[in-house]
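Peer 1: build me a structure from this.
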Amino acid sequence: MEPGGVADSLLSGACVLFTLAMYSTGLSDLRHMRMTRSVDNVQFLPFLTTDINNLSWLSYGALKGDGILIFVNATGAVLQTLYILVYVHYCPRKAKIIQMKSTQRLSFPLTIATLLTSASWTLYGFQLGDPYIMVPNLPGILTSLVRLWLFWKYSQGPDRNYQLLQT
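Peer 2: Coordinates of the predicted model:
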């Protein structure tokens, strides 16, 4: 396959689309935090790790001169920083984490978006022969598959029941 061909354009377009969709899944958490003025049922760690990831990939994209990497990761860094700032604004000083056999605190849209994003970037890296793009996205595929299994095993209850994953 020739660089710059139709397949390259489609794959890079899919990478951008899936990545921006993944970043936008935080908008529902943002809306929830603003409406409830709390961080109930919102996890901080995904915002932080994604922001750090975006900044790392933004640096790599700048070094490589890859406009696609620069665009999606600059956008992601801005959004994740916004989510972090809103989270910190509404976060109480003392937070409790209750461990239960429930996926209530996991985001199904983020799981699907991460799976699609990681898979498309892995294919993009494979197509370019660039292990620095391909390899870091493999854990995203693996963790998404684990989360999908958790959604199947532990239903989120009647208000957020994903029946496609139930047998």
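Peer 1: burial count for residue 26?
Peer 2: Here the count is done by other Cβ atoms under 10 Å, and residue 26 has 24 residues near it. Yep, even glycine has a C-beta here, placed from its N, CA and C like the rest.
Peer 1: going forward can the numbers begin at 836, since that is how I track them
Peer 2: Understood, numbering begins at 836; the last thing we discussed is residue 861.
Peer 1: and the pLDDT for it?
Peer 2: Reading off the confidence values, residue 861 has pLDDT 90.
Peer 1: right, and it touches residue 913 too?
Peer 2: No. Taking contact to mean Cβ atoms under 8 Å, the distance of 11.4 Å between residue 861 and residue 913 leaves them out of contact.
Peer 1: now the element after the one helix or strand residue 898 maps to, going C-ward?
Peer 2: Residue 898 belongs to helix 880-899 when assigned by DSSP states H and E. Sequence order places helix 902-925 as the next helix or strand after helix 880-899, per DSSP H and E.
Peer 1: give me the angle between that following helix and helix 880-899.
Peer 2: Using axes from the mean of the first three to the mean of the last three Cα atoms, to 10 degrees, the direction of helix 902-925 lies 150 degrees away from that of helix 880-899.
Peer 1: how far off centre is the helix holding residue 898?
Peer 2: Using Cα atoms, centre = their mean, to the nearest Å, the distance from the centre of helix 880-899 to the centre of the chain it belongs to is 12 Å.
Peer 1: contacting residues around it?
Peer 2: Helix 880-899 is contacted by residues 858, 861, 902-905, 908-909, 911-912, 915-916, 918-919, 922, 942, 945, 967 when judged by Cβ atoms under 8 Å, 6 or more residues apart in numbering.
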